[in-house]
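J.: Model the structure of this input:
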Amino acid sequence: MIETELPSREQMINELKQNNSFDVVVIGGGITGAGIARDAMLRGLRVCLLDKSDFSGGTSSQSSKLLHGGLRYLQNYEFSLVREAALERERNLEMAPHLSKIYRFVVPLYKWSKTPKFLLRMGLILYDILAYPKSIGSHKNLGAKGIIKEYPFLKNDQLVGGAYYHDIRTNDSRLTLANIQSATSGHAIALNYFKVESWERVEDGVRVDAIDLETSEKLKIKTKVLVNASGPWSEDVEKLGKDFEGDMKIRRTKGTHITIRPKFDDFAILIVNNDNRPIFLIPWDEFTVVGTTDDEWKESNESVKASKEDVDYILSALNRLFPEENYTYDDIFSTWAGLRPLVYQAGKDERKTSRNHTIHNYGDVISIAGGKLTTYREMARQTVDKVLKNLGLPISKHRCVTANLPLWSAAYPDYETFSSETTNILRTKYNLGDDTAKMLIEFYGEATELITNIIDEDQTLAERLEDNLPFIKAQVVHAVRHEYALNPVNVLRRRFQIAFCKGNGLSSLDTTVDLMARELNWNADKRAEMTQMYIDYVNEFMAVPK
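T.: Below is the predicted model of the structure:
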């Protein structure tokens, strides 16, 4: 049962106006900033997090949606990174089982593969060793006949063998949101669409000048320590500081994904393309995610999107794996691209650049960049340790406890029992289909109760947004009331994943806008503006490029 009521955005802004002084202000509402806010709150600090867009509006909603050790990083001899990620992978599973699903990843090898069988086998042995004692499953080597027997649709006259190992699929946007909700449930303030315009060191710390993009109201905020966790915008945020000379240097690389019709549902595939880049095929119920690319990006962060060249590259890899399928642009449901904020390393190309993170401690200002979705909790721990030292507080009396506490909505004693009992309630009391029940539990955990409370208010909100998809109207209302959603992109792209499905959620847009308008008191002009906003977003950032 959900016991802690979350504050609304309006309530948090009012609290900010009443007391604008904080121990730490975090700039950036992606997974790293959200993790820092949760960790700092749990250690007794007064926390405010600000993001100029939506929570997970940048890199943290554009990933491959994996919690993984990083098998391919062994090629770059990044053993410590793989070890750290493998251990954090299991901790994420323990903190939020409903957001973490273990998959078997099949790795077929072909005559054209540049990775020989013996090297794959050695890599998987090392991968299992580095995960000890947090292993989520051992690998298994397979010959060509073994691959075809277990996975007959991988049959290919170029197949020579392969193996499988285990990693975890997650919902990156909802993992970020769960950290935000964990922080706000403990009285931290977290505000999306609240842009930092400038900041300046003052006598007692740092003064931040920010603007609420929803109302254009400007506020001044005081903090003892400012943390810059803005990912690809890290250099930009340092430049917002008056008379501040930072030295963070970011290398941005673009990763593109597509979604296609579902092909399998109980395992994933990792293929090493003929240029030695990895391509994942990761099943979700309504689609399969395929990606990614890894190319340097030197244009605007806000303009990143899939290009025709990106999509052609992914389709080529798909058709090499499944030559009889002959995938074309017509088979693609959606596309997306995001930026990896890698730490710049002179002389290394994008594929050799380390995924390790770095923390630059300037005293009352701290910048963190790099890292992986999987290791966000450890990145947050290290950052908050430095915050405490800068505040003169002993870490021994403010120890990190994030690894031992569930995320918000994940406090069920046993996930399997919780899932079974909740599924039964959703089926019998609310007459929801099996696919909807499964989706609600996997997306919301204990917060499924908040959605059923909304249905209790109005039975029509149990209706589906689209007949052939599991998503229901109550999720829209819940996103506005409990998840800080302010526009249809927030709802359909990040709070749940209908934008990735065939049709991109456009058939449910009018209903979504109607439901949001009722909650947010939109007039006709605002409704039209929000409708057009979503259409423009889909056409610009999710449609198949021409």
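
J.: Tell me where the stretch 201-350 of the chain has strands.
T.: With strands called from DSSP state E, counting those that start in this stretch, the stretch 201-350 of the chain shows them at 205-212, 218-228, 250-260, 268-272, 278-283, 288-291, 295-296, 332-343.

J.: How many residues are close by Leu405?
T.: Using other CB atoms under 10 Å, Leu405 has 14 neighbouring residues. C-beta: built from backbone N, CA, C; applies to glycine.

J.: show me what contacts it?
T.: Applying CB atoms under 8 Å, 6 or more residues apart in numbering to Leu405 gives the contacts Leu42, Met95.

J.: and it, how far is that from Arg377?
T.: 11 Å (CB to CB, to the nearest Å).

J.: Tell me which of the strands of the stretch 201-350 of the chain lies nearest to Asn20.
T.: strand 218-228 (5.0 Å; CB to CB).

J.: which of the strands of the stretch 201-350 of the chain is buried the deepest?
T.: strand 288-291 (a mean of 25; mean count of other CB atoms under 10 Å).

J.: got the CA coordinates for that strand in PDB?
T.: The C-alpha trace of strand 288-291 is given here as PDB (Å, rounded to 0.1, in the frame of the first residue of the first chain):
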ATOM      1  CA  THR A 288      10.800  -4.700 -30.200                       C
ATOM      2  CA  VAL A 289      13.500  -2.100 -29.600                       C
ATOM      3  CA  VAL A 290      16.400  -2.300 -32.000                       C
ATOM      4  CA  GLY A 291      19.700  -0.300 -31.700                       C
END
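
J.: so what strands line up beside it?
T.: Sheet partners assigned to strand 288-291 using DSSP bridges are listed as strand 250-260 (antiparallel), strand 278-283 (antiparallel).

J.: list the buried ones in stretch 470-482?
T.: Pro470, Phe471, Ile472, Lys473, Ala474, Gln475, Val476, Val477, His478, Ala479, Val480, His482 (16 or more other CB atoms under 10 Å).

J.: does the fifth one count as helix, strand or coil?
T.: Using DSSP: H, G, I helix; E, B strand; the rest coil, the structure places Ala474 in helix.

J.: what residues are up against it?
T.: With CB under 8 Å, 6+ apart, Ala474 has these contacts: Ile451, Thr452, Ile454, Ile455, Leu461, Ala462.

J.: Among the residues you listed, name the buried ones.
T.: Ile451, Thr452, Ile454, Ile455, Leu461, Ala462.

J.: can I assume the last one is in contact with Asn431?
T.: This points to Ala462. Yes. Assessed by CB atoms under 8 Å, Ala462 is found in contact with Asn431 at 7.1 Å.

J.: residues near the nearest residue to Tyr537 once chain neighbours are set aside, how many?
T.: Nearest non-adjacent residue to Tyr537, counting by CB to CB, 6 or more residues apart in numbering: Val489, 5.0 Å away. By other CB under 10 Å, 23 other residues sit near Val489.

J.: Use 29 as the first number from now on
T.: Shifting the count to begin at 29 puts that one at Val517.

J.: Name the nearest residue to the residue most central in space within the chain, sequence neighbours excluded.
T.: Taking CA atoms, centre = their mean, the centroid of the chain lies closest to Asp200, which sits 2.1 Å from it. The shortest distance from Asp200 to any non-neighbouring residue, by CB to CB, 6+ apart, is to Ser91 (4.8 Å).

J.: and the host helix or strand of Arg132 with strand 296-300, angle?
T.: If you go by DSSP states H and E, Arg132 is part of strand 128-138. Using axes from the mean of the first three to the mean of the last three CA atoms, to 10 degrees, the direction of strand 128-138 lies 40 degrees away from that of strand 296-300.

J.: and the next element down the chain from strand 128-138?
T.: Counting by DSSP H and E, the next helix or strand C-terminal to strand 128-138 is helix 145-159.

J.: Now do that following helix, average pLDDT.
T.: Averaged over helix 145-159, pLDDT sits at 91.

J.: which helices and strands sit right next to it?
T.: helix 107-123, strand 128-138, strand 168-171, strand 187-198 (3 or more CB pairs under 8 Å, 6 or more residues apart in numbering; DSSP states H and E).

J.: would you turn these into CSV with mean pLDDT, distance to Asp67 and mean neighbour count?
T.: Output for the helices and strands packed on helix 145-159, formatted as CSV (pLDDT from 0 to 100; distance: least, CB to CB, whole Å; neighbours: other CB atoms under 10 Å):
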stretch, mean pLDDT, distance to Asp67, mean neighbour count
helix 107-123, 94, 12, 20
strand 128-138, 95, 19, 21
strand 168-171, 96, 37, 16
strand 187-198, 96, 19, 22
